[in-house]
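> turn this into a structure:
(one chain, ligands or ions: 1)
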Amino acid sequence: MLGLYLSIPFCRSKCTFCNFASGVFPASYFDRYVARLVEDMAAARARAAEWGAALPQTVDTIYFGGGTPSLLPPELVRRLMAAIRDEFSVLAGAEITFEAAPAQLADETLAAMVETGANRLSFGVQSFVDAEAQATGRLHGRADVFRDVERARAAGIEDVSLDLLAGLPGQTRATWRESLDCLAETGVGHASVYMLEVDDASKLGAEMLAGGVRYGAGLVPNEDAIVAMYEEAVERLAGAGLAQYEISNFARAGRESRHNRRYWERRPYLGLGVDAHSMLREAGGRALRFATTDELPPYLEGAGWARPEPLSRAQELEEAWFLGLRMNEGVSLATLRAEFGAEAVGAFDAVLGELAAEGLVTRGGDRIHLTMNGRLLSNEVFERFLAGESVD
Ligand code: SF4
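Predicted coordinates for the structure are as follows:
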């Protein structure tokens, strides 16, 4: 089975913290962009064959990310979904997600999404406190989020996810709690909680470096406060029935994101559009990772995929560790040994022993998991797996 990711890099305004490959472009770009996506979709099979990679015909998850896919006009939603169905067989019951910005989803677009099979919406809320959301450049308030969740349900979409961001300028423990309580009150089945990591290239990051007051750089909570917010989210969301299943993701039973799961489980996906990443496998099983340009103009002018080098077995094993450990269910040693051999997996015993002694991982039966501290320091934990021994 294959997952499809379609990047829609258009936004109505650029959020102060954002470092994604997205921007504000004239609506006239939409048509050209969608035409390029359709072109790449049609070319993908030949390209995969040229590289000796398998491109599964059946698709079981589709994810429109961004950017703001909810800004697509209805006819372009239909054109994209029709192109997907022309090129691939979409499994009955496939998970089809659109990311959306609250207050930026027209009735006609929502109707087109539902009509063409979408069954999941993921809203970038960031904060339910209006002043916080608006200070980051968001164009919505709390009431818009509640309204959009209801509109999604009324249109037949039960599977709704909301994103929150811990560490926004001016955010306090009290306002964070308010956001968590509102999220719980919506009754959604899925939430994502991210800790703000300010990128120097964002407006906020530039202000933090150069000084200034426009974006509230001086009001960003310190690291300890952000960590406390994250820990509180894990606890309060669990209390609201949304159990953590991955470092940043929480869900009611059965509402986990099937698409995101395939990234952590290293199952194949094809990314289309600006800054879209893909992973396919060669006939021999080796993984090929490749990505598109992160700039819109060259993409529109036809910039395509470059031939990737297959990952070595050592690289794949490292990935299996750090992607698998993202999930609360952790990594099964037996599964890893079956894929990579006992000797290669055993080469990580020393690293695992050190991480366990430092309280960053724990072992339960056959499985290795991150602890709460391990989740908070996940990047440092994952780096330690890069020092593992080669299995090539
Ligand atoms: S809507 Fe999302 S992608 Fe667009 S600028 Fe804001 S955070 Fe970035």
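> for this structure, what lies in contact range of the ligand?
11, 14-15, 18, 20, 22, 66-68, 101, 124 (C-beta under 6 Å from any ligand atom). Every C-beta, even on glycine, is put in place using the N, C-alpha and C of the backbone.
> if we use 8 Å, what do you get?
9, 11-15, 17-20, 22-23, 66-68, 99, 101, 124, 126, 136-138 (C-beta under 8 Å from any ligand atom).
> quick one: pLDDT of G66?
The per-residue pLDDT reported for G66 equals 91.
> neighbours around it, how many?
Neighbours of G66 under the rule other C-beta atoms under 10 Å: 24.
> could you do E339 as well?
15.
> and the gap between it and the ligand?
The spacing between E339 and the ligand, counted by C-beta to the nearest ligand atom, to the nearest Å, is 35 Å.
> these two touch, right, that residue and A320?
Yes: E339 is within contact range of A320, at 7.1 Å (criterion: C-beta atoms under 8 Å).
> can I have the buried ones of the residues of the chain next to the ligand as a ChimeraX selection?
Selecting only the buried entries of those in ChimeraX, with 16 or more other C-beta atoms under 10 Å as the criterion:
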select :9,11,15,17,18,20,22,23,66,67,68,99,101,124,126,136,137,138
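> which ones among the residues of the chain next to the ligand lie within strands?
66, 99, 124, 126 (DSSP state E).
> for those, work out which two are farthest apart.
Greatest spatial distance among those (C-beta to C-beta): G66 and Q126, at 14.2 Å.
> lowest-confidence helix or strand of this structure?
helix 203-210 (a mean of 88; mean pLDDT, DSSP states H and E).
> in that helix, which residues are buried?
In helix 203-210, counting by 16+ other C-beta under 10 Å, buried: 203-208.
> which residues in the stretch 251-392 of the chain form helices?
Counting by DSSP state H, counting those that start in this stretch, the stretch 251-392 of the chain has helices at residues 258-264, 296-300, 313-324, 333-340, 342-346, 349-357, 372-376, 378-385.
> ok, which of these comes nearest A46?
Closest approach to A46 among the helices of the stretch 251-392 of the chain (C-beta to C-beta): helix 296-300, 18.9 Å.
> other residues contacting the closest one?
Residues outside helix 296-300 that contact it (C-beta atoms under 8 Å, 6 or more residues apart in numbering) are 9, 21, 23, 25, 29, 32-33, 36, 273-274, 292-293.
> which of the residues you listed count as buried?
Buried subset of the contacts of helix 296-300 (neighbour count, 16+ other C-beta under 10 Å): 9, 21, 23, 25, 33, 36, 273-274, 292-293.
> centre-most residue in this structure?
N260 (6.4 Å; C-alpha atoms, centre = their mean).
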